[in-house]
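# What follows is a protein structure lacking sequence information:
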């Protein structure tokens, strides 16, 4: 489609948006109170913003910018800060595990569930996108591995044996499995609200990480197989800050994503991040939870095998989770296949999928913010009283145990606007990254734009899907 | 077996959200076909042009 035609099509689509709401609202589609337009119309508006961004990129962005962005060193980081961060990470991990094992087993009274599901899984990604890869500094298993290596070297009085060579074909697949496993625990596992179960699982994960590091080396294992390290590290690529070699560097936002390693399993990690969040939204809607919904049907079917009700429910959740991750992967591959059909570059579809995988990082973050923003904002406040009484046994270590959660910080509509803004911004970010990479691969701006038609469709699909899931979950 | 119509509320709701995808997808597919046709016509016309110049 020529640029002229795209520009001509935009007002038409806008006109459709204006005509449509009156007829649709008459059919009683439920919506949040006091929203000026029906919720579904936000999806139309978001699609229009993406379309307009795509046109603007094709007209105004003629040369790769992000791919050639430079970093600037702004600060030297002393070693003591690194050691301190590692020590804090280890202490926080120990506190969470101890609380889970020894504390009150009521979910809301114990530090472990909130620390793991809210502060760690939602708070750290947000911090990573703003401040860079902070988790690498605080990671308790990485810090422990490095400490163990340092102690062993001192005790042995010589260099440690060279680690095994990490299998290249394994790539980041272990990290993808790690993210999937955590999501399974969060969304499917029936013991997820039990603090002691979470503590044991955290110990098991740390044990697996330390074992892997002992075989393949701390940095190699962390870079490839630590699900959290890899996921948070990917999100940190969006940040304007980069911590490396005891230096703090600044760069344009998004530019770091262009350096995403194109190794085996790299696509799988991002797709799993998006897919698991998508399933979280989907599993709250009536298509999944309704009286005759998919969960009920799948559970009944699996119950027929004599698994028992609890196992059948978990089995149904597992099937749903895997199916949604595969659907997200399929959508992305569809976009890549469309891009591949344009020709002009001597790359296989698999290679193209790897080259454009970084365009999914802003989407993964957008989905995370859209789905968990309110959780972080409200349940995140619980940390204030939980750190004073981590075991839930009436202590008041920091004098904050009587604080409460302020639910008036933002209303339902405010949350909705944040969700819409996050999804639109994230997908526009994805479009920018895709356009910039296409300019590098295809060279001329016209073919690069043509190659991105299908990525535009993928972005619009993810945006509309995200908004539908959020809307369905709130009904 | 429940007829899909019984769940029309769900699908109708989803369809409203997915309509932009269908519209943009359809527009891209249509323009892709048109571009391909124009390229094919251009390629067919090229030898004639050269013949005219000769």
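Cool, the structure landed. No experiment lies behind these values; they were computed from the predicted model shown.

# Find the closest residue to chain B in the stretch 51-200 of chain A.
Nearest residue of the stretch 51-200 of chain A to chain B: residue A:51, at 6.7 Å (Cβ to the nearest Cβ). Heads up, the C-betas are built off the backbone N, CA and C, glycines and all.

# shaky segments in the chain?
No chain in the question, so chain A it is. A:1-33, A:36, A:475 (pLDDT under 70).

# if you could check chain B rather than the one you did, that'd help
Ranges of chain B meeting pLDDT under 70: B:1-10, B:46-54.

# What ranges does chain A have for its strands?
A:72-76, A:241-244, A:247-250 (DSSP state E).

# Let me have those in JSON lines, adding distance to chain B as columns.
Output for the strands of chain A, formatted as JSON lines (distance: least, Cβ to the nearest Cβ, whole Å):
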{"stretch": "strand A:72-76", "distance to chain B": "39"}
{"stretch": "strand A:241-244", "distance to chain B": "35"}
{"stretch": "strand A:247-250", "distance to chain B": "36"}
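
# Quick check: residue A:445 touching residue A:62?
Yes - applying Cβ atoms under 8 Å as the test, residue A:445 and residue A:62 come out as touching, 4.7 Å apart.

# Comparing these two, which shows the higher neighbour count?
Neighbours of residue A:445 and residue A:62, each counted by other Cβ atoms under 10 Å in any protein chain shown, are more numerous for residue A:445; the result is 18 against 14.

# Can you give me every residue that contacts that one?
Applying Cβ atoms under 8 Å, 6 or more residues apart in numbering or on different chains, we find residue A:445 in contact with A:58, A:62, A:439.

# Let me have the residues you listed in a markdown table, adding distance to chain B as columns.
Shown next, in a markdown table, are those (distance: Cβ to the nearest Cβ, whole Å):
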| residue | distance to chain B |
| --- | --- |
| A:58 | 13 |
| A:62 | 20 |
| A:439 | 20 |
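
# and of the strands of chain A, who's closest to residue A:323?
Closest approach to residue A:323 among the strands of chain A is made by strand A:241-244 (36.5 Å; Cβ to Cβ).

# So which of the contacts of residue A:445 sit within helices?
Of the contacts of residue A:445, the ones assigned to helices by DSSP state H are A:58, A:439.

# got a markdown table for the contacts of residue A:445, with distance to residue A:72 too?
Converted to a markdown table, those look like this (distance: Cβ to Cβ, whole Å):
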| residue | distance to residue A:72 |
| --- | --- |
| A:58 | 30 |
| A:62 | 25 |
| A:439 | 23 |
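
# need the helices for chain B, in chain order.
Using DSSP H, the helices of chain B run over residues B:8-53.

# Please give the centre-to-centre distance between stretch A:128-138 and its chain.
Counting by Cα atoms, centre = their mean, to the nearest Å, stretch A:128-138 is centred 14 Å from the centre of its parent chain.

# Can you give me the end-to-end span of it?
12 Å (Cα to Cα, to the nearest Å).

# Residues in contact with it: which ones?
For stretch A:128-138, the surrounding residues in contact (Cβ under 8 Å, 6+ apart) are A:81-82, A:85-86, A:88-89, A:92, A:124, A:127, A:142, A:222, A:228-229, A:232-233, A:235-236, A:238-239, A:241-243, A:248, A:365.

# dump the residue contacts of residue A:340.
A:347, A:348, A:349, A:352.

# Of the strands of chain A, which stretch is the most buried?
strand A:241-244 (a mean of 18; mean count of other Cβ atoms under 10 Å in any protein chain shown).

# That one pairs with which strands, and in what direction?
Here strand A:241-244 is paired, per DSSP bridges, with strand A:247-250 (antiparallel).

# can you tell me how far residue A:56 sits from residue A:451?
Here the distance between residue A:56 and residue A:451 works out to 17 Å (Cβ to Cβ, to the nearest Å).

# sorry, that was for residue A:295
From residue A:295 to residue A:451 the distance is 40 Å (Cβ to Cβ).

# Can you pick out the residue with more neighbours from those two?
Each of residue A:295 and residue A:451 has its neighbours counted (other Cβ under 10 Å); residue A:451 has more, 26 against 17.

# shouldn't the more buried one be in contact with residue A:440?
No - under the criterion of Cβ under 8 Å, residue A:451 is not in contact with residue A:440, lying 11.4 Å apart.

# And residue A:322, how close does it get to residue A:188?
10 Å.

# Of these two, which one has the most company?
Using other Cβ under 10 Å, the more surrounded residue of residue A:322 and residue A:188 is residue A:188, with 19 against 14.

# List the contacts of the closest residue to the more buried one other than its chain neighbours.
Ranked by Cβ to Cβ, 6 or more residues apart in numbering or on different chains and with sequence neighbours excluded, the top spatial neighbour of residue A:188 is residue A:317, at 3.4 Å. Residue A:317 makes contacts with A:184, A:187, A:188, A:283, A:295, as judged by Cβ under 8 Å, 6+ apart.

# and of the residues you listed, the nearest to residue A:406?
residue A:187 (27.3 Å).

# Now do the contacts for the closest one.
The contact partners of residue A:187, taken as Cβ under 8 Å, 6+ apart, are A:276, A:279, A:280, A:283, A:317, A:321.

# same deal with residue A:74?
A:248, A:249, A:250.

# Please tell me I have it right and the first one contacts residue A:240.
Pointing back at residue A:248 there. No - if you go by Cβ under 8 Å, residue A:248 and residue A:240 don't touch, sitting 10.8 Å apart.
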